[in-house]
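> with the sequence up front, the predicted model follows.
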Amino acid sequence: MLIAITSEGLEPDSLVAEKFGKTPFIIIYNSEKNNFESLRNPYADLFGGAGIQTSQFIIEVNANIVITIDIGINAYRFLKSAGIDVYACSRDRVKEIVQEFIEGKLPIIKEDSFQNFGRQRRGRRRQRKNNF
């Protein structure tokens, strides 16, 4: 099984990156070979659409699982449509997060986690004053 973890650096001792699409690196853990491979995320600097492009990149490297701190709904749905499960984690070192996953301690992200996605932003809009 190939597990893709968002990462701030190239080493398994690096911290997990907070934002899925903007992650500078992706570390792939191969559970059968018990080894790590580090990849640069070519889409980390995109202004828009980084999450979808990063999802496509992960699909192309044949990952079965994604572990990240924060992922957008569109990137999540794209991964799920490819049969890839997404797990949530805390800000910790990649190798420690992999161990937590192996021990079954990480929660899987489900679509209903995004139930209120976007509603929070709508309530924050400033009211315009009519100056007629």
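Done, it's in.
> for the rest of this, base every contact and every neighbour count on C-alpha atoms.
Will do.
> got the contact list for residue 7?
Neighbouring residues of residue 7 by Cα atoms under 8 Å, 6 or more residues apart in numbering: 14, 15, 16, 17, 23, 24, 25, 26, 27, 94.
> and residue 6, how many neighbours?
28 (other Cα atoms under 10 Å).
> what's across from it in the sheet?
residue 26 (DSSP bridges).
> tell me where this structure has helices.
Counting by DSSP state H, the chain has helices at residues 50-60, 73-81, 94-102, 119-122.
> now those in a markdown table, with mean neighbour count?
Shown next, in a markdown table, are the helices of the chain (neighbours: other Cα atoms under 10 Å):
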| stretch | mean neighbour count |
| --- | --- |
| helix 50-60 | 19 |
| helix 73-81 | 17 |
| helix 94-102 | 18 |
| helix 119-122 | 9 |
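> adding distance to residue 9, write these out as a markdown table.
Listed next are these as a markdown table, based on distance: least, Cα to Cα, whole Å:
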| stretch | distance to residue 9 |
| --- | --- |
| helix 50-60 | 16 |
| helix 73-81 | 21 |
| helix 94-102 | 9 |
| helix 119-122 | 31 |
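> mind putting the ones you listed into TSV with mean pLDDT?
Formatted as TSV, the helices of the chain follow (pLDDT from 0 to 100):
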stretch	mean pLDDT
helix 50-60	97
helix 73-81	96
helix 94-102	97
helix 119-122	42
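> what sits against residue 81?
Contacts of residue 81 (Cα under 8 Å, 6+ apart): none.
> so where's the protein uncertain?
115-132 (pLDDT under 70).
> can you give me the strands for it?
2-7, 25-30, 35-40, 65-68, 85-88 (DSSP state E).
> how many neighbours does residue 48 have?
Residue 48, neighbours per other Cα under 10 Å, totals 11.
> check residue 34 too.
With other Cα under 10 Å as criterion, residue 34 counts 8.
> and the gap between it and residue 74?
31 Å (Cα to Cα, to the nearest Å).
> before we move on, what about residue 82?
Taking Cα to Cα, one finds residue 82 at 13 Å from residue 74.
> about what we covered before: what's the closest of the helices of the chain to residue 67?
With Cα to Cα as the criterion, residue 67 lies closest to helix 94-102 of the helices of the chain, at 8.3 Å.
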